[in-house]
Each structure stands twice: as structure tokens, then as C-alpha cells.
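Peer 1: Provide a 3D model corresponding to the input given below.
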Amino acid sequence: MRRWATLVAAALVGSMLPVGTAQAAKAPPSPVTALKRHFTEHVGLRISDVGRVYKDGKAVVTIWRRGKVEFDASGVYATDTTGRTEAGRGAVKEFENLTGQNVGSTRVICFPNEAYLSGPGYETWLPEGKHWLGLIGPENIKQTATFPQIVNVFEPATLGTLLSHAAVKRRLASGTYLQGAVTLRTLYKVSPSLRDRLAGPPKGKSARIPVGFRLWLDRSNLVRRLTTTWKQPAGKTPTTTVADTRYTSWGSDVTLTPPPPEDTADAGRVGGDFSPPPTLPIG
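Peer 2: Residues are numbered from 1 along each chain as shown. This next block holds a predicted model:
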């Protein structure tokens with residue numbers, strides 16, 4: 001009788017626990033599963049990047065970028081990012097201060113088979129009254145989903161590869177921290193976007209280049225931050241590229257649309273009179 005009463009009491013106590021308590025007791029899904037659960041139409045997040053290329057210890061190229069990513073059932077569907085690129089470090093701001101001119105930023109909106117560009121450098125391609133240059137090419141979305149970051153954590157296989165190559169793993173109050181390195185050859189095998197960015201399969205010493213990474217996950221095992229560091233042979237003086245990407249607002253409503261047709265000039269197919277997106281000179 002006492003045992004029966006104890007079981008009933010336990011059942012009553014369990015039924016009165018807040019729903020949040022029961023959910024908290026469940027372990028979060030794996031990072032790859034957590035990512036895939038966001039592969040839904042009109043769902044996305046915000047990203048922000050800072051990428052720098054160093055030579056002889058000095059930044060020779062700096063890239064800033066921020067914007068939105070929209071998913072569909074297969075992964076990244078569209079991106080809308082605004083960024084700036086400058087030679088050196090602080091050169092653009094110095095120029096603006098000296099001339100009083102605002103250099104401005106470049107905005108890129110990408111879909112699986114089309115991209116739209118607006119900003120400095122594209123004015124010569126645009127007729128009067130147009131502000132957007134439209135391009136056609138299936139590689140556009142893969143090129144811009146991660147640049148300047150070399151690692152695409154929106155690819156489940158790529159994210160899984162990082163997790164399997166983590167030499168350091170620490171639990172934090174905010175989630176999990178991982179650190180490790182993966183070779184360029186390994187990344188090339190698992191990452192479709194990297195294969196599109198490179199001029200060809202990395203060979204010899206290039207294939208063995210380690211890409212060091214530090215990865216932060218939140219309590220739900222979603223990626224919050226990724227930094228990567230890798231050296232690239234460039235004559236007698238190699239360059240070191242460091243990229244730092246933040247991922248916020250996971251699960252937010254994102255619906256990206258092309259600019260108005262009346263404000264767009266069609267540049268035709270990529271590879272005609274307009275150069276294709278640049279590839280990383282590795283190999």
C-alpha cells in the first residue's frame with residue numbers, strides 16, 4: 001500500500017512540474033541536427049564577418065561583412081549581405097577623412113541561380129537610373145554564403161568534420177567551446193562551397209595546409225561564432241588569413257527578395273562580358 005501511494009505521489013508531482021523543467025532535462029540535439037532543424041523556408045539568421053589577410057605581420061587586405069541568410073529544405077537558399085574591402089588597415093577611413101568622400105559599401109543579394117550587386121565599382125556597368133547589376137550563374141550562392149570565411153558551417157558535412165577534428169572541447173556557461181585544425185584536403189572533400197571557390201583540388205603542400213579553428217556553440221548546440229586561421233604560400237613571404245564570423249538570431253523570419261526589375265540592369269550570364277566570382281589561388 002505504501003509503495004502504491006509513493007508511486008501515485010511521484011506521478012502527481014511529475015504531472016505538476018512546469019513544461020520547461022521537463023524540456024530542460026532533455027539533452028540538446030547534436031550541432032548537425034540542430035542546424036538541419038533550421039532548414040525550413042523563410043527561416044534564417046544574421047551573420048557578421050571580419051576577415052584579414054596578413055603579410056609580414058601587417059594586414060594587407062581587410063573585409064567586413066554583415067547581413068542575413070535564408071534557408072530552405074536543402075540548406076542556404078539566399079543571402080543579403082553588405083560589406084567593405086580595403087587594402088591595408090584603415091586605408092579607407094584615412095581616404096575618407098582626407099577627401100571628405102564616403103567610399104560606401106557593396107551590397108550583394110544572392111539566390112541559387114542569380115545575384116544582384118550594388119555599390120562602388122559597379123556604377124560603370126549600370127545605365128543611368130539603375131542601381132543594381134543582375135548576374136546569372138549557379139555558383140553565386142555558394143560563393144557568397146560564407147566569404148570571407150573559408151569554412152561553411154551551413155553545410156552539415158563540413159560542420160560535422162569540424163566537430164570530429166576538435167582537439168579541445170570545453171563546457172561553458174553559455175554552451176560549448178571547441179578548438180582544432182583540419183587540412184585543406186579534408187575540407188575540400190566535404191565542402192561543396194570550398195570546391196567551387198578553389199581553382200582546383202589542393203595538391204602537394206597546399207593539400208596539407210592546416211586550417212585552425214575555434215568554434216563556439218550555444219546551449220542549443222547552434223553555432224554562435226567561428227574563427228579560422230590558415231597560411232597560404234605566396235612567393236617568399238606567405239600570407240595568413242584570419243576570419244571571424246558571428247551567427248545570431250537563429251530561427252528568425254527571413255524572406256529575401258530580388259531588387260525591383262525596373263532598378264536592375266541585366267549583365268547576362270557570368271563568363272560573358274563580366275568576370276566570374278574570384279577563386280582562391282591555391283594549388
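
Peer 1: Quick check: Arg195 is in a strand.
Peer 2: No: assignment of Arg195 by DSSP: H, G, I helix; E, B strand; the rest coil gives helix, placing it outside any strand.

Peer 1: For it, give me the pLDDT.
Peer 2: Arg195 is assigned a predicted lDDT (pLDDT) of 88.

Peer 1: Please apply the same query to Phe274.
Peer 2: 46.

Peer 1: those strands in this protein, which residues are they?
Peer 2: All strands of the chain, identified by DSSP state E, fall at 43-55, 58-72, 75-87, 106-111, 114-118, 132-136, 166-172, 175-183, 210-218, 223-232, 239-253, 264-269.

Peer 1: So for Ala199, which of the ones you listed sits nearest?
Peer 2: Nearest of the strands of the chain to Ala199, taken as CB to CB: strand 223-232 at 12.5 Å. (Each C-beta comes from the backbone N, C-alpha and C, glycine too.)

Peer 1: distance between that closest one and the chain's centre?
Peer 2: Chain-centre distance of strand 223-232: 10 Å, with CA atoms, centre = their mean, to the nearest Å.

Peer 1: Quick one: neighbours of the closest residue to Leu172 other than its chain neighbours, just the number.
Peer 2: Among residues not flanking Leu172 along the chain, Trp216 sits closest, at 7.9 Å (CB to CB, 6 or more residues apart in numbering). Trp216 is flanked by 19 other residues according to other CB atoms under 10 Å.

Peer 1: and what of Leu256?
Peer 2: Leu256, neighbours per other CB under 10 Å, totals 17.

Peer 1: Verify the stated contact: it with Phe71.
Peer 2: No: with contacts counted by CB atoms under 8 Å, Leu256 stays clear of Phe71, the gap being 10.7 Å.

Peer 1: Could you find the closest non-adjacent residue to Pro202?
Peer 2: The shortest distance from Pro202 to any non-neighbouring residue, by CB to CB, 6+ apart, is to Leu184 (4.7 Å).

Peer 1: In this model Lys205 seems to touch the one you found, though I could be wrong.
Peer 2: No: using CB under 8 Å, Leu184 makes no contact with Lys205, being 9.9 Å away.

Peer 1: out of these two, which sits in the busier spot?
Peer 2: Each of Leu184 and Lys205 has its neighbours counted (other CB under 10 Å); Leu184 has more, 24 against 9.

Peer 1: so who does that one touch?
Peer 2: Leu184 sits next to Pro202, Ser206, Ala207, Arg208, Ile209, Pro210, Val211, Trp230, Ile282 when contact means CB atoms under 8 Å, 6 or more residues apart in numbering.

Peer 1: Taking those residues, please make a PyMOL selection of just the buried ones.
Peer 2: With 16 or more other CB atoms under 10 Å as the criterion, this PyMOL line picks the buried residues out of the contacts of Leu184:
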select buried, resi 202+206+209+211+230+282
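
Peer 1: which ones are touching the nearest residue to Phe213 once chain neighbours are set aside?
Peer 2: Closest residue in space to Phe213, ignoring its immediate chain neighbours: Thr228 at 5.0 Å, by CB to CB, 6+ apart. Thr228 sits next to Gln149, Ile150, Val151, Val211, Gly212, Phe213, Thr241, Val242, Ala243 when contact means CB under 8 Å, 6+ apart.

Peer 1: Show the buried residues in those.
Peer 2: Neighbour counting by 16+ other CB under 10 Å classes Gln149, Ile150, Val151, Val211, Phe213, Thr241, Val242, Ala243 among those as buried.
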